[in-house]
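J.: Here's my sequence, what's the structure:
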Amino acid sequence: MIRPKYRQQRKQFKRNDSRFMQNKSEFVAAVRATKIAKKTNNSSFSQDFSPRHRFRDFPISDQLLRNIEEKEYTVPTPIQDEAIIPICQGRDVIGIANTGTGKTAAFLIPLIDKLYKNRNQKVLIVTPTRELAVQIHDEFRLFAKGMPLYAALCIGGSGMGRQRSELFRNPQFVIGTPGRIKDLVKTRVLALSQFNNVVLDEADRMVDIGFINDIKYFISLLPRIRQSLFFSATISGKVKEILQSFVSNPVTVSVKRQDTAENVDQDIVQVIHKNKKIDQLHNLLIQKNFDKVLVFGRTKWGIQKLSDELIKRGFKAGAIHGNKSQGQRQRTLDQFKNNEISILLATDVASRGLDIEDVSHVINYDMPASYDDYIHRIGRTGRANKKGTALTFVD
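T.: Reported below is the predicted structural model:
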């Protein structure tokens, strides 16, 4: 069992989310509590899962099944196992699950099948970041291979003209970020009244970064009769405001077992001296098994400066942040995914939803702003049942 003192420290750590930066001692205690829990093999940190369904059990087309097999998906994840059938049945769904649990496929698979069988339908998918929108678009193309379905990607940082041209092709799927979707709605290029299927993905993040009014605006423009799918890791008070007007008689699917993945080892790095911090990072990165490392920092300027310094020291590194164009961000992300660089430095733009294979380590060079940000940062490693390590620098 977890010792009562440490259990209380973990709870206190979450309650003081808004004062996260000022409570580094609580953070240290929480990480230690997690390590203790792992050592004791407490049942709350270990959940066996046996799916009730195989992909062939779902009422989906043969072509879609072949595409799933080509992606080498063997058995559904918990969120897929529980959400796909009610979505296929046309039900509204609230999906609550940790990052990296297969949420994208949980809604794409049944929606692709739905539109393959009924071309009069249209789907709108709204997601908080450009990178996640691009990832969903890429997943769509793989799942919809050989099926006459088309998706338009509508995100900031990319040319508006090309996106307008894509929309004029009358795509069945529109995938985008709130800011660009709003721009297209305001200029009357995109009519939300046409969409009878809507997905809000990573809804808590959209609320966190200030899109709650935009989301409410979108909902007001949607047709009253629609299928609404809502995916989020947490349901806060503000998120509940959106739910009240978004879903109708929903099926709630909750597969969130714990805050941090069982296969992510967490630890802290005590900063010896502020001027030696980068040297400590250097000494970590040259160690064995630091093969593919994602480094998070607080500011765009700081992350770029750190990236430039690591490159000067001979590391294969790149940075993504808000001051980069979408093309620059995507090229750097692709280099990291394809192992052309081994270190990716990022602000929290990369902390949500990105599915990057085989990230060996996540390093919080700067403390995250909140507990939820911490959870989503370290969720970039230890994915697909592989082991990962998360290290956080503490001054």
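J.: how near is Thr381 to Lys300?
T.: To Lys300, Thr381 is 23 Å away according to Cβ to Cβ, to the nearest Å. Bear in mind the C-beta positions are built from the backbone N, C-alpha and C, glycine included.
J.: correction: Glu131
T.: Distance of Glu131 to Lys300, computed by Cβ to Cβ: 15 Å.
J.: Looking at these two now, which is surrounded by more residues?
T.: Glu131 (22 against 17; other Cβ atoms under 10 Å).
J.: Would you mind pulling up the elements that the helix or strand hosting that one packs against?
T.: In the assignment (DSSP states H and E), Glu131 maps to helix 130-143. Counting contacts by 3 or more Cβ pairs under 8 Å, 6 or more residues apart in numbering; DSSP states H and E, helix 130-143 packs against helix 62-70, helix 103-117, strand 151-154, strand 173-176, helix 326-337.
J.: Now do the buried residues in stretch 227-240.
T.: Residues 227-235, 239 are the ones in stretch 227-240 that count as buried (16 or more other Cβ atoms under 10 Å).
J.: do the same with stretch 194-214
T.: Within stretch 194-214, the residues that count as buried by 16+ other Cβ under 10 Å are 195-208, 211-212, 214.
J.: Count residues in the vicinity of the closest residue to Pro78 other than its chain neighbours, would you?
T.: Of all residues not flanking Pro78 in the chain, Val255 sits nearest, at 3.9 Å (Cβ to Cβ, 6 or more residues apart in numbering). Using other Cβ under 10 Å, Val255 has 21 neighbouring residues.
J.: Residues touching stretch 306-316, excluding its own?
T.: Here stretch 306-316 makes contact (Cβ atoms under 8 Å, 6 or more residues apart in numbering) with 278, 281-282, 285, 295, 297, 317-319, 340-343, 345, 365.
J.: again, but for stretch 222-230
T.: Outside stretch 222-230, the residues that reach it (Cβ under 8 Å, 6+ apart) are 87, 90-95, 107, 111, 124, 192-200, 203, 242-243, 246-248, 250.
J.: Can you give me the end-to-end span of that stretch?
T.: End-to-end distance for stretch 222-230, by Cα to Cα, to the nearest Å: 15 Å.
J.: Just the mean pLDDT for stretch 299-310, thanks.
T.: Mean pLDDT, stretch 299-310: 94.
J.: Next, the buried residues of stretch 131-141.
T.: Quick answer for stretch 131-141 (16+ other Cβ under 10 Å): 131-137, 139-140.
J.: That one: how far from the chain's middle?
T.: 11 Å (Cα atoms, centre = their mean, to the nearest Å).
J.: again, but for stretch 302-314
T.: Relative to the centre of its chain, stretch 302-314 is centred 26 Å away, using Cα atoms, centre = their mean.
J.: Stretch 111-125 too?
T.: The answer for stretch 111-125 is 23 Å, by Cα atoms, centre = their mean.
J.: Any chance you could list what contacts that stretch?
T.: Here stretch 111-125 makes contact (Cβ under 8 Å, 6+ apart) with 59-61, 63-64, 87-88, 107, 133, 136, 140, 143-144, 147-149, 172-176, 181, 192, 194-199, 201, 222, 229.
J.: what does stretch 321-331 give?
T.: Outside of stretch 321-331, the residues within contact range by Cβ under 8 Å, 6+ apart are 130-131, 134, 155-158, 300, 303-304, 320, 332, 346-347, 349.
J.: Give me the mean pLDDT for stretch 344-351.
T.: 81.
J.: likewise stretch 323-333?
T.: Stretch 323-333 carries an average pLDDT of 86.
J.: going forward can the numbers begin at 10, since that is how I track them
T.: From this message on, residue numbering opens at 10, which makes the last subject stretch 332-342.
J.: How far does it sit from its chain's centre?
T.: The answer for stretch 332-342 is 18 Å, by Cα atoms, centre = their mean.
J.: Surely the residue nearest to Pro87 is in contact with Ala106?
T.: Yes. Counting by Cβ atoms under 8 Å, Ala106 is a contact partner of Val264 at 4.8 Å.
J.: Now do the helices in the stretch 210-359 of the chain.
T.: 212-217, 221-230, 246-255, 286-294, 309-321, 335-346 (DSSP state H, counting those that start in this stretch).
J.: deepest of these, which one?
T.: Mean neighbours per residue, mean count of other Cβ atoms under 10 Å, is largest over the helices of the stretch 210-359 of the chain for helix 212-217, with a mean of 24.
J.: now Phe116: how far from Val143?
T.: Phe116 is 17 Å from Val143, by Cβ to Cβ.
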